[in-house]
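Sequence and computational prediction follow.
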Amino acid sequence: DGKFFPAELIVPQGRKIRIEIRNEGKDPVEFESMELRKEKVLAPDSKSVVVIVPQQPGSYRFFDDFHPKTGQGVLVVK
């Protein structure tokens with residue numbers, strides 16, 4: 001339904017991160033982050049992976065352009 005679960009991901013700094021994304025809904029969804037320079041569109045009932053290179057400590061927003069009101073999340077690097 002255009003929501004990320006969990007909406008907050010906490011990861012250690014200095015590590016490559018592999019995020020598995022599943023779309024269990026009936027509409028397309030998108031994982032997008034301008035700060036992380038990642039964009040992935042998923043068809044209904046599909047899954048994929050996004051790999052994030054090591055990041056400095058901070059918060060990096062990600063969102064779903066197809067569901068802007070509900071599709072919000074953050075990657076927190078500590």
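Sure thing, it's come through. Residues are numbered from 1 along each chain as shown.

For V76, which residues are in contact?
Neighbouring residues of V76 by Cβ atoms under 8 Å, 6 or more residues apart in numbering: 8-11, 58-60. Where C-beta positions appear, they are placed from N, C-alpha and C, glycine not excepted.

Strands - which of the residues you listed land there?
Judged by DSSP state E, those include 8-11, 58-60 as members of strands.

Tell me the one among the residues you listed nearest to A43.
Nearest to A43 among the ones in strands among the contacts of V76 is L9, at 22.7 Å by Cβ to Cβ.

Would you mind measuring from that closest one to G71?
Distance, L9 to G71, by Cβ to Cβ, to the nearest Å: 14 Å.

Between these two, point out the one with more neighbours.
Counted by other Cβ atoms under 10 Å, L9 and G71 do not tie: G71 has more neighbours, with 20 against 16.

Could I get the contacting residues of the nearest residue to the more buried one once chain neighbours are set aside?
Spatially, and ignoring its direct neighbours in sequence, G71 is nearest to D64 (2.7 Å; Cβ to Cβ, 6 or more residues apart in numbering). By Cβ under 8 Å, 6+ apart, D64 lies in contact with 2, 4, 29-32, 70-72.

With pLDDT as extra columns, can I get those residues in CSV?
CSV is the format used below for the contacts of D64 (pLDDT from 0 to 100):
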residue, pLDDT
G2, 84
F4, 94
V29, 95
E30, 96
F31, 96
E32, 96
T70, 93
G71, 95
Q72, 97
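
For this protein, which residues score under the pLDDT cut-off?
Within the chain, no range satisfies pLDDT under 70.

Tell me where it has strands.
Going by DSSP E, the chain shows strands at 8-11, 17-23, 29-33, 38-42, 46-52, 58-63, 72-77.

ok now the second one, how far from the chain's centre?
What it means is strand 17-23. Computed by Cα atoms, centre = their mean, to the nearest Å, the chain-centroid distance of strand 17-23 equals 7 Å.
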